[in-house]
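Peer 1: What follows is a predicted structure for the sequence shown.
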Amino acid sequence: MTADKNPWLKLPWHATQWQRIAAMQAGGRLPHALLLRGPEGVGKYRFACRLLAAVLCERHDSLDPPCGDCRGCRLVAAGTHPDLQELAPLESKQQIGIDQVRSLIQRIGLTAQYGGRKAVVVVPAERMTRAAANTLLKTLEEPQGDALFVLVAHRAGALPATIRSRCQIVNFPVPDTDVAKAWLAAELASEEGAETALRLAHGAPLNARVLAADGRLAAREAIVADLERLIRGDGDPIAIAGGWRDTGLLDALYWLLSMVCDLIRLKNGRLAHSLTHLDQGPAMQRLARGLDLLGLFRLFDLLIEARRAALGQLNLNEQLMLESIAIEWQRSSA
Ligand SMILES: [Zn+2]
């Protein structure tokens, strides 16, 4: 269910949320549906896994911590507990469909195989189609047995209000920078790397850890160098687009978009220390001087559209898409 090294380890910025859940449980007030709400990369899913492991733990009665060692805990960690269901978009699909919800409801209608509770995690809940959400709503309105539903949402506002109103909401804001930085520095064994990665991930520590891995930060630096070559006129847009494609389409679009946002901020007089790509400050200043604002807005629109197409996986010609971005970049040079 989770690829984390030790899913039973509490994330240091989740203390308040754990206290709240533990108090609900101690008072017999743990609701049958929880909505974990907050930006992506702050550990909501990991919180859900640990909570559901605790619910299915066969040794500990209290919610915190799960023992980590019994049959229930081990099956949750392996992603194979028969009384735990995960509802997520199927591979190659963007959304959670009504058929998936129907089949889930059928399964949770059966008796728990190990005689305990049943548990369901929906992630990300906002990816349910309207019909899927309506079907789930009926179950949330008339809960069956003592199933516990945990909905994880990165954009809870996109969920129907009827679903939100059926759940107890637990907020997961972006953690305090010092707490997040200390945790990440230990994970990456680098304080400087932690600072850069955390800023690039807008403070979301788990996303920052992913960004720091696999040479993705180096790929970002290569993109900055490509952009400088394009505005100087000594870069070939076709070859550069090929390099971006090797980086990975979504990664390349992510970096390009966040750089365009930084450049628009610089053009609008924002100070360099507020930039996402702060460590690339001098290069960002050179790029801002070399581009006009109107061109940057055109690039912003083009990148938003490209990302939408990439997420929708509509018969993409990735090379052509990236070439048009590189050419537009060259064209926008002041
Ligand atoms: Zn256990």
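Peer 2: Everything's here; your move. Numbering: from 1, shown residues only.

Peer 1: ok, which residues in this protein are in contact with the ion?
Peer 2: By CB under 5 Å from the ion, the residues of the chain that approach the ion are C57, R59, P66, C67, C70, C73. In this view, the C-beta of every residue, glycine as well, is placed from N, C-alpha and C.

Peer 1: List the contacts of whichever residue of the stretch 201-334 of the chain sits closest to the ion.
Peer 2: The nearest approach of the stretch 201-334 of the chain to the ion comes at L206, 24.0 Å away (CB to the ion). Neighbouring residues of L206 by CB atoms under 8 Å, 6 or more residues apart in numbering: G41, V42, G43, R46.

Peer 1: Quick check: buried residues in the helix or strand hosting it?
Peer 2: Applying DSSP states H and E as the criterion places L206 in helix 205-212. By 16 or more other CB atoms under 10 Å, the buried positions in helix 205-212 come out as P205, L206, N207, A208, R209, L211, A212.

Peer 1: Just checking the distance from that helix to the centre of its chain.
Peer 2: Centroid separation for helix 205-212 versus its chain: 10 Å, with CA atoms, centre = their mean, to the nearest Å.

Peer 1: now the helix or strand following it and helix 205-212, what's the angle there?
Peer 2: Later in the chain than helix 205-212, the nearest helix or strand by DSSP H and E is helix 216-232. Between helix 216-232 and helix 205-212, the angle comes out at 70 degrees (axes from the mean of the first three to the mean of the last three CA atoms, to 10 degrees).

Peer 1: helices or strands next to the helix or strand that helix 216-232 is followed by in the packing?
Peer 2: Counting by DSSP H and E, the element after helix 216-232 in chain order, helix or strand, is helix 237-247. With contacts taken as 3 or more CB pairs under 8 Å, 6 or more residues apart in numbering; DSSP states H and E, helix 237-247 sits against helix 216-232, helix 249-267, helix 318-331.

Peer 1: avg pLDDT for helix 237-247?
Peer 2: Helix 237-247 shows a mean pLDDT of 96.

Peer 1: Run the angle between it and helix 318-331 for me.
Peer 2: 130 degrees.

Peer 1: what sits up against helix 237-247?
Peer 2: With contact meaning CB under 8 Å, 6+ apart, helix 237-247 is reached by 219, 222-223, 226, 229-230, 252, 255-256, 318-319, 322-323, 325-327, 329-330.

Peer 1: Just the buried residues of it, please?
Peer 2: Buried residues in helix 237-247, counted by 16+ other CB under 10 Å: P237, I240, A241, G243, W244, T247.

Peer 1: Mind exporting the C-alpha coordinates of that helix to PDB?
Peer 2: Coordinates of each C-alpha in helix 237-247 appear next as PDB, following Å, rounded to 0.1, in the frame of the first residue of the first chain:
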ATOM      1  CA  PRO A 237      14.800  24.500 -30.500                       C
ATOM      2  CA  ILE A 238      14.300  21.000 -32.100                       C
ATOM      3  CA  ALA A 239      17.300  19.500 -30.300                       C
ATOM      4  CA  ILE A 240      16.400  21.200 -27.100                       C
ATOM      5  CA  ALA A 241      12.900  19.900 -27.300                       C
ATOM      6  CA  GLY A 242      14.300  16.400 -27.700                       C
ATOM      7  CA  GLY A 243      16.400  16.900 -24.500                       C
ATOM      8  CA  TRP A 244      13.200  18.000 -22.600                       C
ATOM      9  CA  ARG A 245      11.400  14.900 -23.900                       C
ATOM     10  CA  ASP A 246      14.200  12.700 -22.400                       C
ATOM     11  CA  THR A 247      13.700  14.500 -19.100                       C
END
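
Peer 1: could you give the angle of it to helix 249-267?
Peer 2: Using the same axes, to 10 degrees, the inter-axis angle of helix 237-247 relative to helix 249-267 is 120 degrees.

Peer 1: Can you give the distance from helix 237-247 to the centre of its chain?
Peer 2: Its chain's C-alpha centre and that of helix 237-247 lie 26 Å apart, by CA atoms, centre = their mean.

Peer 1: before we move on, the earlier item: just the closest of the residues of the chain next to the ion to A201, please.
Peer 2: Using CB to CB, P66 is the member of the residues of the chain next to the ion that lies nearest A201, at 28.0 Å.

Peer 1: wait, that closest one sits on H60?
Peer 2: Yes: under the criterion of CB atoms under 8 Å, P66 makes contact with H60 at 6.2 Å.

Peer 1: Show me which of the two is the more surrounded one.
Peer 2: P66 (26 against 16; other CB atoms under 10 Å).

Peer 1: Fine by me, thanks again.
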